[in-house]
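Chemist: 3D, please:
(2 chains)
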Amino acid sequence: MATQSSRLAARLMVAPSVFVLFVWMAVPLAMTLYYSFRLYRLLSPDRSGWVGFTNYLWFFRSPDFWQAIANTLALVGGVLALTIVFGILIALLIDQPVKGQGVLRILVIAPFFVMPPVAASIWENLFMHPQNGLFAALARGLGAEPILFLESYPMMSVIGIVAWEWLPFATLILLTALQSLSPEQLEAAEMDGAGAFGRFRYIILPHLTRAITVVILIQTIFLLGIFGEIFTTTQGGPGSASTTLPYMIFKQAIVAKDIGRAAAGGIIAVILANIIAYFLMRGIGRHLDS
Amino acid sequence: MARAHSPRRMLITTIAAWGVALLIFFPVLWMILTSFKTEASAVASPPQLFTADWTTENYAEVWARSDYPRFFWNSVVISVGSTLLGLALAIPAAWSMAFVPGRRTKDLLMWMLSTKMMPAVAVMVPLYLVFQKTGLFDTRIGLVLALMLMNLPIIVWMLYTYFKEIPGEILEAARMDGASLWNEIVHVLTPMAVPGIASTLLLNVILAWNEAFWTITLTTVRAAPLSAFIASFSAPQGLFYAKLSAASAMAIAPILILGWFSQKQLVRGLTFGAVK
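Modeler: Next comes the predicted model:
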């Protein structure tokens, strides 16, 4: 039904979105690329010039860099694993006929309404604080030493906080997918003698493939840039124990005031994001069409 | 996949489900309870779930110490403005992608999403400089633009998914029956598209409301929204948990209330239109 002219009109309707997104991406990227080859320190503005790959080499030679890459991957992988596993369990649970499903659902999605700085400060102060936190009080009540969450297990604590924020999203997607599963199929499997685990493994899990793909795709996009939670809680510490790549770049820009290095880190982060995006599309992109 | 269950089993699953839901909700609940305590009972040991000397003084003090209405209004303008502007750009785009798809439509969508994978921190300095030079720094219009561009890929993608559910045959049938283009759009298309647009709008208002990187780095005072308001409160630690909780509650309350009243569209929106 699409004629030549309607095709042209359609292209024209897409054009503004594509154009503004392209500018939004290309201009800062080009500037970042330019700065990444320059000596540009806010503390010594009179010295400047081209420095080749010096800024990049600084990252590759820094021991913190590899830790930051590992932390970034741990954050993305850890949060994905936690939200998908718990998301499936919770979705299976609240998919059962229970009383007060509406209110239940609101309670479960509530963390999504909490902005990252608030979420981080609730967890840091009200729960994980070594003296006044609720966890410390619980530990004392049980006669144990309070755990120093943000000091001893900074990365795990950050992963926990971020997983709490994203659990509602994963749960809701998985729940929606679960509700489209036909009960007949499950009953048929049950009559054929499939146990609860067999039904989950061979019917429910394959049915959820697309939903899990969506969770991985969308969460990865948001998780790669996680910043506020670390800024509020650990500031990347102790040392660089919870410094991710975005946070390392932030430290170079704001603390060291070395714009050239921060820009080089930015380009590295963009390359890393592209590598991850490539493997994501390769690995799971095909599940999206259906 | 509701199936027949014995009352006994329903009781058990109800208890389990409520237990889990309350556990997930508990941090928010604890924050709200703490916001009504005095500073002393907020850090009392052992902790008190409810307190005898509950007070609203924390809210009064936060209100007095900061210009909450300004932060609040900035948040409203920025989140609603960026979403409406994004919808204005995305609706025609998603529309043509869904109904007149080309060979490259899928690639284009994926490219749009991929622009979101660029970590904000990576381009912070250039964007900061551009905003300074163009006079957009610390203005509401600057933040509206930034957040619109940040969420545009999500908006296009969600609308595309919703629009694709609308069968083209219905439109053709309406045309066959002699409906004018105007009637086709107003009476046939719009009613089918509105739920999807509403869900997209809600989700993106929330995403923009909760955005806490650009809203903090690209503002100082005039255009600072609630994310900056809360960041200014969480700096020092220790003996003011109650006030911190009150400020936190004030920052998230508008969205919690909005979410409560628009549950159905929101739940739909929260799935990014990606599953049915």
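
Chemist: drop to CA atoms for contacts and neighbour counts, all remaining ones
Modeler: Fine.

Chemist: mind listing what B:Ala93 touches?
Modeler: Applying Cα atoms under 8 Å, 6 or more residues apart in numbering or on different chains to B:Ala93 gives the contacts A:10, A:13-15, A:17, B:156.

Chemist: apply 6 Å and report the result again.
Modeler: Neighbouring residues of B:Ala93 by Cα atoms under 6 Å, 6 or more residues apart in numbering or on different chains: A:13-14.

Chemist: ok, it to B:Leu189 distance?
Modeler: Remark: distance between B:Ala93 and B:Leu189 (Cα to Cα, to the nearest Å) = 16 Å.

Chemist: before we move on, what about B:Phe240?
Modeler: 54 Å.

Chemist: can I assume A:Val51 is in contact with A:Arg38?
Modeler: Yes - if you go by Cα atoms under 6 Å, A:Val51 and A:Arg38 touch, sitting 5.4 Å apart.

Chemist: who in chain A is up against chain B?
Modeler: A:10, A:13-14, A:17, A:28, A:94, A:98-99, A:107-108, A:114-115, A:118, A:132, A:173, A:179, A:181-183, A:221, A:225, A:246, A:266, A:270 (Cα under 6 Å from any Cα of the partner chain).

Chemist: of those residues, grab the buried ones for ChimeraX.
Modeler: Only the buried entries of these go into this ChimeraX selection, using 16 or more other Cα atoms under 10 Å in any protein chain shown:
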select /A:10,13,14,17,28,94,98,99,107,108,114,115,118,132,173,179,181,221,225,246,266,270
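
Chemist: compare A:Val51 and A:Arg38 (neighbour count), which wins?
Modeler: Taking other Cα atoms under 10 Å in any protein chain shown, A:Val51 and A:Arg38 do not tie; A:Arg38 has more neighbours (22 against 14).

Chemist: next, the more buried one: phi, psi?
Modeler: phi -110, psi 150 (degrees, to the nearest 10).

Chemist: per-residue pLDDT, B:Ala2?
Modeler: What the model reports as pLDDT for B:Ala2 is 46.

Chemist: residue ranges with poor pLDDT in the chain?
Modeler: This is for chain A. Residue ranges of chain A with pLDDT under 70: A:1-4, A:285-290.

Chemist: hm, I was asking about chain B
Modeler: B:1-5, B:234-239, B:271-276.

Chemist: next structured bit after the lengthiest helix in chain B?
Modeler: Counting by DSSP state H, the longest helix found in chain B is helix B:68-99. Per DSSP states H and E, the first helix or strand lying C-terminal to helix B:68-99 is helix B:105-114.

Chemist: for that next one, which outside residues touch it?
Modeler: Outside helix B:105-114, the residues that touch it by Cα under 6 Å, 6+ apart are B:Pro153.

Chemist: hey, C-alpha coordinates of that helix in PDB?
Modeler: What follows is helix B:105-114, C-alpha atoms only, in PDB (Å, rounded to 0.1, in the frame of the first residue of the first chain):
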ATOM      1  CA  THR B 105      14.200   0.300   9.900                       C
ATOM      2  CA  LYS B 106      15.500  -2.400  12.400                       C
ATOM      3  CA  ASP B 107      19.000  -1.200  12.100                       C
ATOM      4  CA  LEU B 108      18.000   2.400  12.600                       C
ATOM      5  CA  LEU B 109      16.100   1.400  15.800                       C
ATOM      6  CA  MET B 110      19.200  -0.500  17.100                       C
ATOM      7  CA  TRP B 111      21.400   2.500  16.200                       C
ATOM      8  CA  MET B 112      19.100   4.800  18.200                       C
ATOM      9  CA  LEU B 113      19.300   2.500  21.200                       C
ATOM     10  CA  SER B 114      23.000   2.200  20.900                       C
END
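
Chemist: angle of that helix against helix B:68-99?
Modeler: Calculated by axes from the mean of the first three to the mean of the last three Cα atoms, to 10 degrees, helix B:105-114 forms an angle of 160 degrees with helix B:68-99.

Chemist: list the buried residues of helix B:105-114.
Modeler: B:105, B:109, B:112-114.

Chemist: report the central residue of the chain.
Modeler: You didn't pick a chain, so chain A it is. A:Leu223 (1.7 Å; Cα atoms, centre = their mean).

Chemist: actually it's chain B I care about, not the one you picked
Modeler: Centroid-nearest residue in chain B: B:Ile206, 1.1 Å away (criterion: Cα atoms, centre = their mean).

Chemist: are we agreed that it is in a strand?
Modeler: No - if the criterion is DSSP: H, G, I helix; E, B strand; the rest coil, then B:Ile206 is helix and not within a strand.

Chemist: for the residue nearest to B:Pro46 when sequence neighbours are not counted, pull up the helix or strand it's in.
Modeler: Sequence neighbours aside, A:Ala137 is the residue nearest to B:Pro46 in space, at 6.3 Å (criterion: Cα to Cα, 6 or more residues apart in numbering or on different chains). Using DSSP H and E, A:Ala137 maps to helix A:134-141.

Chemist: what residues does that helix touch?
Modeler: Contacts for helix A:134-141 (Cα under 6 Å, 6+ apart): A:127, A:130, A:146.

Chemist: next, the buried residues of it.
Modeler: In helix A:134-141, counting by 16+ other Cα under 10 Å, buried: A:134-138.

Chemist: helices along chain B, start to end?
Modeler: B:7-35, B:39-42, B:57-65, B:68-99, B:105-114, B:124-134, B:140-165, B:168-176, B:181-183, B:190-210, B:214-217, B:226-233, B:241-261, B:263-270.

Chemist: can I get these in TSV including distance to A:Leu57?
Modeler: Shown next, in TSV, are those (distance: least, Cα to Cα, whole Å):
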stretch	distance to A:Leu57
helix B:7-35	43
helix B:39-42	49
helix B:57-65	47
helix B:68-99	39
helix B:105-114	27
helix B:124-134	20
helix B:140-165	31
helix B:168-176	55
helix B:181-183	61
helix B:190-210	36
helix B:214-217	28
helix B:226-233	34
helix B:241-261	42
helix B:263-270	42
